[in-house]
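**Q** Mind looking at a prediction? Sequence and model below.
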Amino acid sequence: MNPMKNVRQLGNEPNVAQFPQTANVCRPSSELLRHAPPQSEPSVLDELLPVSPKGPVKEIANWGNYPVMASEENTPVYLEDIRSYIRTPGTFIPRGNGRCYGDASLASRTICTTRFDKILSFDAAQGLFECESGLTLDRILEVVVPKGWFLPVTPGTKFITAGGAIASDVHGKNHHVDGCFSHHVRDMDVLVADGRLITCGPDKETDLFEATCGGMGLTGIITRIRFQLKKIETSYIRQKQVKAANLEEVLMLFDKYKDYTYSVAWIDCLKKGKGFGRSILILGEHAAVSDLTPQQQKDPLQLPKKKQITFPFNLPSWVLNSFTVRAFNFLYYRKNFKKEINNTVSYEPFFYPLDAILHWNRGYGKKGFIQYQFVLPMESKQGLIEILQTISSKGLGSFLAVLKIFGKQESLIGFPMEGYTLALDIPVRKGLFETLDQLDEIVLRHKGRLYMSKDARMKPDVLEAGYPNLARFRSILRKYNPDQKLRSVQSDRLFLTHKS
């Protein structure tokens with residue numbers, strides 16, 4: 001066997017010297033993925049030899065730590081490794097950095113993309129970025145921010161892969177202005193079940209492109225992505241925080257400040273009476289150089305300093321109860337002494353406040369948690385009230401209750417629609433799923449839907465009712481994944497695929 005047969009030809013890849021902020025451009029950088037599942041460091045020989053089609057069996061879970069299952073995990077470095085894996089018998093699902101919350105990327109066999117993580121090109125003049133699918137957003141930011149560019153759309157963590165951003169069709173605080181991540185993709189390569197590598201995009205092989213954006217990895221393995229970045233003058237955000245006394249006021253504030261690019265609200269789910277739904281609205285714009293202090297203006301595109309702490313262990317389940325959540329909510333709301341606070345902050349605390357706490361998901365205990373995220377049409381404010389009332393009456397308050405506004409979006413299988421979206425982190429405990437079934441009924445009654453990337457327990461009829469284009473999505477899956485080689489625990493549960 002020739003040990004050099006899988007060594008990639010790097011002649012057409014960018015010079016490392018072009019990217020002084022990262023020493024691992026165009027090289028496998030799995031050692032830089034601080035939050036990937038633990039794995040041994042590859043030796044030089046490991047880098048040269050093909051990856052075995054049979055990987056180690058390990059216990060895996062996504063960010064919610066529910067469910068947990070054993071999976072045979074394969075971690076390819078080269079495209080031919082992935083092709084070889086597809087040819088092996090059995091089914092599997094591609095998996096990135098495990099930052100979706102539920103079971104969308106869980107299966108008895110998984111192909112982990114976190115070592116398929118190279119930058120292929122970066123046009124710093126036009127803001128076009130091209131990379132392999134396993135590259136995480138934090139690595140992208142370290143390269144593009146010093147050159148005056150930013151991600152067009154980013155979720156609340158930078159530790160997801162670029163491929164995962166497309167498979168979940170992630171949104172951010174700016175959906176009402178900039179849409180989802182997929183809206184900024186120029187083209188991408190998808191390795192489908194029969195081994196073909198297909199280039200698709202908004203104007204080519206559009207059925208595959210539309211079904212892959214939000215398709216939870218069921219159409220194939222995304223291998224390459226080229227997308228447009230957003231131009232910035234500085235690495236800072238001009239932030240405004242406004243306290244709202246109740247739900248009615250925060251919804252009025254969203255409308256008042258609808259021209260802001262970024263908007264999100266923390267909401268107190270347990271407060272009753274006149275303070276029902278009290279909130280803090282957080283708004284932001286990319287700061288201009290003129291917004292900075294003289295000291296900041298010396299290096300306006302400086303990367304934020306890394307200040308991280310680690311959550312050392314799983315908290316006991318009894319720590320998380322309605323009393324502690326009420327206490328947290330009281331203190332969090334009171335921390336803003338003024339009605340309105342304006343300041344300039346680095347992009348890290350604005351976009352990624354929780355990334356400063358490594359393994360913060362341990363705070364929900366060994367049983368894990370469910371992130372329940374839904375969207376309701378703009379005219380369904382009453383549905384939002386009903387859901388918050390149900391949560392309060394059941395004592396299911398969440399430390400992390402986030403309310404955002406979505407703009408208009410027409411897509412095949414994407415989650416957003418024009419309206420209100422609320423995301424809640426709730427510890428797994430007795431009676432939770434029955435309560436969430438009640439919330440599902442409210443969501444459907446008000447013509448809303450749930451986010452598949454966060455889901456670990458939705459029933460098939462809830463998916464059917466919420467996603468009107470599901471029949472077309474299934475027909476595209478039959479075209480590109482006819483034998484259901486790509487399948488997950490979630491896809492089987494929701495009857496997107498069927499158990500053997």
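**A** Noted; the coordinates are in hand.
**Q** ok, residue 340 - how many residues close by?
**A** The local packing count at residue 340 equals 10, with neighbours defined by other Cβ atoms under 10 Å. No exception for glycine: its C-beta is placed from N, CA and C like everyone else's.
**Q** Assign the closest residue in space to it that isn't next to it in sequence to helix, strand or coil.
**A** Closest residue in space to residue 340, ignoring its immediate chain neighbours: residue 242 at 5.1 Å, by Cβ to Cβ, 6 or more residues apart in numbering. Classification of residue 242 by DSSP: H, G, I helix; E, B strand; the rest coil places it in strand.
**Q** Who are the contact partners of residue 242?
**A** Applying Cβ atoms under 8 Å, 6 or more residues apart in numbering to residue 242 gives the contacts 253, 257, 280, 281, 283, 339, 340.
**Q** A strand includes the third one, no?
**A** Spelled out, it's residue 280. Yes: looking at residue 280 with three-state DSSP, it is inside a strand.
**Q** Okay, and the beta partners of it?
**A** residue 243, residue 266 (DSSP bridges).
**Q** quick one: it and residue 238, what's the gap?
**A** The gap separating residue 280 from residue 238 is 17 Å, by Cβ to Cβ, to the nearest Å.
**Q** Show me what counts as buried in stretch 151-167.
**A** For stretch 151-167, the neighbour count (16 or more other Cβ atoms under 10 Å) marks 151-167 as buried.
**Q** these two touch, right, residue 313 and residue 362?
**A** Yes: if you go by Cβ atoms under 8 Å, residue 313 and residue 362 touch, sitting 6.3 Å apart.
**Q** With neighbour numbers in mind, choose between those two.
**A** Neighbour count, other Cβ under 10 Å: between residue 313 and residue 362, residue 362 has more, with 17 against 11.
**Q** Enumerate every residue touching that one.
**A** By Cβ under 8 Å, 6+ apart, the contact list for residue 362 reads 65, 311, 312, 313, 314, 315.
**Q** What about those, which one has the most neighbours?
**A** Among the contacts of residue 362, residue 65 has the most neighbours (other Cβ under 10 Å), with 18 neighbours.
**Q** Tell me how many other residues crowd the nearest residue to it once chain neighbours are set aside.
**A** Distance criterion Cβ to Cβ, 6+ apart; nearest residue to residue 65, sequence neighbours excluded, is residue 368 at 3.3 Å. Neighbours of residue 368 under the rule other Cβ under 10 Å: 21.
**Q** List phi and psi for residue 368.
**A** Per-residue torsions, residue 368: phi 80, psi -170 (degrees, to the nearest 10).
**Q** wait, what's in contact with residue 129?
**A** Residues counted as contacts of residue 129 (Cβ under 8 Å, 6+ apart) are 119, 121, 122, 123, 140, 144, 149, 226, 227, 228, 229.
**Q** What of residue 145?
**A** Counting by Cβ under 8 Å, 6+ apart, residue 145 touches 232, 235, 301, 303, 347.
**Q** quick revisit: just curious, which of the contacts of residue 362 is nearest to residue 274?
**A** Closest approach to residue 274 among the contacts of residue 362 (Cβ to Cβ): residue 315, at 32.3 Å.
**Q** quick one on the thing from earlier: report the separation between the residue nearest to residue 340 and residue 342.
**A** As judged by Cβ to Cβ, residue 242 and residue 342 stand 10 Å apart.
**Q** Count the residues that sit near the spatially closest residue to residue 447 that is not a sequence neighbour.
**A** Using Cβ to Cβ, 6+ apart and skipping residues adjacent in sequence, the residue nearest residue 447 is residue 377, 5.6 Å away. A total of 15 residues lie near residue 377 under the criterion other Cβ under 10 Å.
**Q** what residues are up against residue 377?
**A** 417, 418, 419, 446, 447, 448.
**Q** which two from these end up farthest apart in space?
**A** With distances taken as Cβ to Cβ, the most widely separated pair in the contacts of residue 377 is 418 and 446, at 13.5 Å.
**Q** of these two, who's got more company?
**A** For residue 418 versus residue 446, neighbours defined as other Cβ under 10 Å are more numerous around residue 446 (19 against 15).
**Q** residues contacting the closest residue to residue 469 other than its chain neighbours?
**A** Among residues not flanking residue 469 along the chain, residue 412 sits closest, at 5.0 Å (Cβ to Cβ, 6+ apart). In this structure, residue 412 makes contact with 210, 211, 213, 214, 469, 472, 473, 476, judged by Cβ under 8 Å, 6+ apart.
**Q** if you set the cut-off to 6 Å instead, what comes out?
**A** Applying Cβ atoms under 6 Å, 6 or more residues apart in numbering, we find residue 412 in contact with 210, 211, 469, 473.
**Q** that older thread, sitting in helices, which of the buried residues of stretch 151-167 do you find?
**A** Of the buried residues of stretch 151-167, the ones assigned to helices by DSSP state H are 162, 163, 164, 165, 166, 167.
**Q** Now do the closest residue to the third one other than its chain neighbours against residue 88, distance only.
**A** Spelled out, it's residue 164. Distance criterion Cβ to Cβ, 6+ apart; nearest residue to residue 164, sequence neighbours excluded, is residue 96 at 3.7 Å. The gap separating residue 96 from residue 88 is 20 Å, by Cβ to Cβ.
**Q** okay, the two: which has more neighbours?
**A** The neighbour comparison of residue 96 against residue 88 (other Cβ under 10 Å) goes to residue 96, with 30 against 13.
**Q** thought that one was touching residue 162?
**A** No: the criterion here is Cβ atoms under 6 Å, and residue 96 misses it with residue 162 at 8.4 Å.
**Q** Residue 177 should be in a helix, yeah?
**A** Yes: according to three-state DSSP, residue 177 belongs to a helix.
**Q** count of neighbours near it?
**A** Neighbours of residue 177 under the rule other Cβ under 10 Å: 15.
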